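Trainee: make a model of this:
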Amino acid sequence: MTRTIDRVAVLGAGLMGHALALVHALGGCRVTLQDVSPAARDKAPRLIAAALATLAAGGEVTEAAAAAARARIAITEDLATALADADLVVEAVVEDPTVKRALFARIDALAPRDALIASNTSYLDIFPMVPPSRAATTLIAHWYTPPYLVDLVDLVGSDGTDPAAIATLRDLYAAWGKKPVVLRRFIPGYVANRLQAALSREVNWLLDEGYATPQDIDDAVIHGLALRMPVLGHLKKADFTGLDMTRRALANATVVPAPDRTRCETLETLLAAGRGGVMTGAGFFEYGGRSADELFRARDERLLSLKQHLRRIGDI
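Mentor: Modelled structure (predicted):
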């Protein structure tokens with residue numbers, strides 16, 4: 001039997017934390033967003049307001065719903081305050097095992113005994129870090145940025161996780177229009193991140209070996225792979241191609257996968273030049289002096305428009 005989730009504590013107000021606070025507030029929960037960093041606490045309301053403005057301008061939420069969601073979010077430095085009456089604790093702190101282990105110990109000491117604990121970790125196996133007394137109510141709920149637009153959320157528990165805990169979050173997020181994928185067991189990176197890692201390995205090799213430019217590669221992705229993927233995914237695309245052809249392609253494969261590397265020389269050259277991406281004004285591409293806020297807003301507007309079009313055309 002699934003449980004009602006009303007009060008949510010989101011721990012960590014950074015890139016994902018502030019956005020996860022917004023997701024749960026839009027779902028109708030009362031949210032306490034906690035972070036020890038004054039800078040993160042100061043920045044979070046502006047980021048939340050900007051995201052809500054984009055959603056409202058795109059017709060995804062009404063102005064009244066946006067205002068109500070903002071009113072459901074409180075921000076605090078104090079962990080005990082955040083955890084005091086939480087039905088759900090969303091852990092969204094840095095991907096550092098030492099930090100997470102210490103935080104789980106404090107959650108164990110401060111959170112209600114029946115609170116669900118959901119970690120947003122991308123790659124870490126957090127289950128050995130969790131106190132045994134919390135094993136049954138702890139799981140991973142991994143989101144993708146920006147989670148108020150990207151609906152995928154990976155759900156996975158340990159052998160000791162109560163199936164009802166997973167069902168509670170699956171049903172909760174599905175009711176909000178999200179797309180929970182429940183994995184049978186933990187694997188670092190889940191599905192989407194592992195596919196993305198395989199793509200990145202090929203991209204880094206193509207760049208370092210001089211086969212293509214960053215623009216060439218993104219053109220191939222956007223106008224080739226990405227055009228079909230929102231409509232067909234990967235395996236349904238194979239159905240449309242024909243599984244007999246897929247089998248022949250496997251048998252006659254001439255593409256040798258790029259070798260595993262832990263370093264991309266193209267990336268290292270960019271970083272050495274101070275080109276760290278949108279936040280520094282340039283990365284693989286130049287951004288014409290536009291601010292990071294402007295660029296993130298433009299990204300969100302386009303993602304929202306695409307999402308709405310996909311919703312209208314439906315599934316095959």
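Trainee: need the contact list for the residue lying closest to residue 37 once chain neighbours are set aside.
Mentor: Residue nearest to residue 37 in three dimensions, not counting chain neighbours: residue 13, with 7.3 Å by Cβ to Cβ, 6 or more residues apart in numbering. Yep, even glycine has a C-beta here, placed from its N, CA and C like the rest. Contacts were defined as Cβ atoms under 8 Å, 6 or more residues apart in numbering; by that measure residue 13 touches 21, 33, 34, 35, 37, 40, 41, 43, 44, 75.
Trainee: can you give me the neighbour number for the fifth one?
Mentor: Residues lying near residue 37 (other Cβ atoms under 10 Å) number 13.
Trainee: quick one on the thing from earlier: how close does the residue nearest to residue 37 sit to residue 141?
Mentor: Look at residue 13 and residue 141: by Cβ to Cβ, to the nearest Å, they are 17 Å apart.
Trainee: flag every buried residue along whichever strand or helix holds residue 165.
Mentor: Applying DSSP states H and E as the criterion places residue 165 in helix 163-175. Within helix 163-175, the residues scored as buried using 16 or more other Cβ atoms under 10 Å are 165, 166, 168, 169, 170, 172, 173.
Trainee: and of those, the nearest to residue 157?
Mentor: Distance from residue 157 was checked for each of the buried residues of helix 163-175 by Cβ to Cβ. The minimum falls on residue 166, at 5.2 Å.
Trainee: before we move on, back to that, where does the residue nearest to residue 37 sit: helix, strand or coil?
Mentor: Reduced to three states with DSSP: H, G, I helix; E, B strand; the rest coil, the structure at residue 13 is coil.
Trainee: that older thread, which other helices and strands contact the helix holding residue 165?
Mentor: strand 116-119, strand 138-143, strand 152-157, strand 179-182 (3 or more Cβ pairs under 8 Å, 6 or more residues apart in numbering; DSSP states H and E).
Trainee: apply 6 Å and report the result again.
Mentor: strand 138-143, strand 152-157, strand 179-182 (3 or more Cβ pairs under 6 Å, 6 or more residues apart in numbering; DSSP states H and E).
Trainee: give me whichever of the ones you listed is most buried.
Mentor: When neighbours are counted by mean count of other Cβ atoms under 10 Å, the highest per-stretch mean among the helices and strands packed on helix 163-175 falls to strand 138-143, a mean of 26.
Trainee: out of the helices and strands packed on helix 163-175, which comes closest to residue 131?
Mentor: Shortest separation from residue 131 across the helices and strands packed on helix 163-175 is recorded for strand 138-143, at 8.9 Å, computed as Cβ to Cβ.
Trainee: what lines up beside that closest one in the sheet?
Mentor: Counting by DSSP bridges, the strands paired with strand 138-143 are strand 116-119 (parallel), strand 152-157 (antiparallel).
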